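*Asks:* any chance you could fold what I've pasted below:
(2 chains)
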Number of protein chains: 2
Amino acid sequence: MSVVYCALVHHPVRDRDGQLATAAVTNIDVHDIARSSHTFGLTGMFVVTPIDAQRALVTRILEHWRVGAGKRRMPHRSEALAICQSADSIAEAREQIAARHQQAPRVIATAARASGDVPLLSFSALRTQLEAAGDEPWLILFGTGHGLTDDVLSAADVLLEPIQGRGDYNHLSVRAAAAIVFDRLFGQR
Amino acid sequence: MSVVYCALVHHPVRDRDGQLATAAVTNIDVHDIARSSHTFGLTGMFVVTPIDAQRALVTRILEHWRVGAGKRRMPHRSEALAICQSADSIAEAREQIAARHQQAPRVIATAARASGDVPLLSFSALRTQLEAAGDEPWLILFGTGHGLTDDVLSAADVLLEPIQGRGDYNHLSVRAAAAIVFDRLFGQR
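*Replies:* Down below sits the predicted model:
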């Protein structure tokens, strides 16, 4: 399998009015998406926030599940959260991956909507690319709040096609969207 | 589309030692799975718990998002939670569906593992069956805690094949598992 990371991005994201915002870190997002990431074989997960106190919170969450009371109560979460770390920006996550793999990752943005001038890639096309990829790294971005900003989408190498349900309603949580994206790209069926 | 309900079951489920237990209702499970259900066109969702105070909590969660402060802040959650209600048992959920559709639902159990003597159906086979189904109702069961008990699995008409990730680790949250199941059965791609 290829080398794939994900980042749960809390800034820059959009708020409910479409304005630039920084979303708060949610405990359940961290361990839920870490479990999905580990189940589908991702190499690592970044929790991205520029707020020092929020990164300290991430560290506390990780320690709780990795070495604290949480590990005793739910040992399998410890294993999933071992692949998780914080970063202060998408750029820092990219740099950490580049340093680890001697190569900058290709960045895949996700959104519930198509956006402007970024080429939209289908899940099946990306799955084929990832299966053919050697050891070059990839980074999949998920936005919290009301999604990644247009600037982030435009800066990505690839924008993944939106998940289509049935009908017009499309308000999946970031936890649900990440699970579906991983399953479509890496699930065995 | 066929008539499909889901139930988020808090009893009877297994605890971490495999013993019979009643799991606590979690706010985020309710609105997360309601959003996934509505995105993928399900007809309704039941939150199943035998504990009166927990069903009262479900009612409060639903009212918060349907008519209260939550509706003003996040109107799209109101729409998703409109399809959600509580029930005191799986049997009551079945009866309510039967009363509504003049026909008992076929029951589909989900589990992270195969189990005994219940026929295991693949996602693609069930998807085909659901697409060919007329207006007879179906009910998909998801277990909280450490999953549905063997008795529930044995009593179901169908046991859906487990979701396979990569490798041996398979500890998806019920929120992530439900999202993937709905996508595999109803997602457009």
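
*Asks:* quick one: contacts for A:Thr110?
*Replies:* Contacts for A:Thr110 (C-beta atoms under 8 Å, 6 or more residues apart in numbering or on different chains) come out as A:140-143, A:148, A:159-160, A:177, A:181. Using the backbone N, CA and C atoms, a C-beta is placed for each residue, glycine as well.

*Asks:* could you dump those residues into CSV and include pLDDT and neighbour count?
*Replies:* Output for the contacts of A:Thr110, formatted as CSV (pLDDT from 0 to 100; neighbours: other C-beta atoms under 10 Å in any protein chain shown):
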residue, pLDDT, neighbour count
A:Ile140, 98, 26
A:Leu141, 98, 25
A:Phe142, 98, 24
A:Gly143, 97, 26
A:Leu148, 96, 25
A:Leu159, 94, 25
A:Leu160, 96, 22
A:Ala177, 98, 25
A:Val181, 98, 23
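
*Asks:* from those, which single one is nearest chain B?
*Replies:* Using C-beta to the nearest C-beta, A:Ala177 is the member of these that lies nearest chain B, at 7.6 Å.

*Asks:* now the strands for chain A?
*Replies:* A:3-9, A:13-14, A:20-21, A:44-48, A:84-87, A:106-109, A:120-121, A:137-143, A:158-160 (DSSP state E).

*Asks:* per-residue pLDDT, A:Gly116?
*Replies:* Note on A:Gly116: pLDDT of 69.

*Asks:* next, the buried residues of stretch A:154-172.
*Replies:* A:156, A:158-163, A:165-166, A:170-172 (16 or more other C-beta atoms under 10 Å in any protein chain shown).

*Asks:* what about A:Asp17, neighbour count?
*Replies:* 7 (other C-beta atoms under 10 Å in any protein chain shown).

*Asks:* give me phi/psi at it?
*Replies:* Main-chain dihedrals, A:Asp17, degrees, to the nearest 10: phi -100, psi 10.

*Asks:* what residues are up against it?
*Replies:* Counting by C-beta under 8 Å, 6+ apart, A:Asp17 touches no other residue.

*Asks:* what about 10 Å?
*Replies:* A:His146 (C-beta atoms under 10 Å, 6 or more residues apart in numbering or on different chains).

*Asks:* one step back: name the weakest-confidence residue in the buried residues of stretch A:154-172, if you would.
*Replies:* Within those, pLDDT is lowest for A:Asn170, at 86.

*Asks:* ok, it to B:Ala80 distance?
*Replies:* Separation of A:Asn170 from B:Ala80 (C-beta to C-beta, to the nearest Å) stands at 11 Å.

*Asks:* next, show the common contact partners of these two.
*Replies:* With C-beta under 10 Å, 6+ apart, A:Asn170 and B:Ala80 have common neighbours B:35, B:38-39.

*Asks:* by mean pLDDT, flag the weakest helix or strand of chain A.
*Replies:* helix A:69-73 (a mean of 81; mean pLDDT, DSSP states H and E).

*Asks:* hang on, the earlier thing: could I get the buried residues of stretch A:154-172 as TSV with distance to A:Ile97?
*Replies:* Output for the buried residues of stretch A:154-172, formatted as TSV (distance: C-beta to C-beta, whole Å):
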residue	distance to A:Ile97
A:Ala156	14
A:Val158	16
A:Leu159	19
A:Leu160	18
A:Glu161	24
A:Pro162	25
A:Ile163	25
A:Gly165	31
A:Arg166	36
A:Asn170	30
A:His171	30
A:Leu172	26
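
*Asks:* report the rounded mean pLDDT for stretch A:33-49.
*Replies:* On average, stretch A:33-49 scores 97.

*Asks:* that one and chain B in contact?
*Replies:* Yes: interface with chain B: stretch A:33-49 contributes A:33-42 (C-beta under 10 Å from any C-beta of the partner chain).

*Asks:* run the angle between the longest helix along chain A and strand A:3-9 for me.
*Replies:* Longest helix in chain A, counting residues (DSSP state H): helix A:52-66. Here the directions of helix A:52-66 and strand A:3-9 differ by 130 degrees (axes from the mean of the first three to the mean of the last three C-alpha atoms, to 10 degrees).

*Asks:* before we move on, back to that, filter the shared contacts of A:Asn170 and B:Ala80 by proximity to chain A?
*Replies:* B:35, B:38-39.

*Asks:* which regions of chain A lie under the pLDDT threshold?
*Replies:* A:1, A:116 (pLDDT under 70).

*Asks:* change it to 90
*Replies:* A:1-2, A:61, A:63-82, A:112-119, A:133-135, A:164-170, A:188-189 (pLDDT under 90).

*Asks:* contacts only, for A:Phe186.
*Replies:* By C-beta under 10 Å, 6+ apart, the residues touching A:Phe186 are A:1-2, A:4, A:37, A:39-42, A:127, A:130-131, B:164-166.

*Asks:* what's the answer for A:Gln129, then?
*Replies:* A:2, A:106, A:108, A:121, A:138, A:158, A:185.

*Asks:* again, but for A:Tyr5
*Replies:* So A:Tyr5 contacts A:37, A:42-46, A:83, A:93-94, A:96-97, A:100-101, A:105, A:107, A:137-141 (C-beta under 10 Å, 6+ apart).

*Asks:* buried subset of those residues as a PyMOL selection?
*Replies:* Typed into PyMOL, the next command selects the buried ones out of the contacts of A:Tyr5 (criterion: 16+ other C-beta under 10 Å):
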select buried, chain A and resi 37+42+43+44+45+46+83+93+94+96+97+105+107+137+138+139+140+141
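
*Asks:* what about the residue nearest to A:Phe182 when sequence neighbours are not counted, neighbour count?
*Replies:* Once flanking residues are discounted, A:Phe182 sits nearest to A:Phe40: 3.9 Å by C-beta to C-beta, 6 or more residues apart in numbering or on different chains. By other C-beta under 10 Å, 30 other residues sit near A:Phe40.

*Asks:* quick check, A:Phe40 in contact with A:Leu130.
*Replies:* No: A:Phe40 sits out of contact with A:Leu130 when judged by C-beta atoms under 10 Å, with a separation of 11.3 Å.
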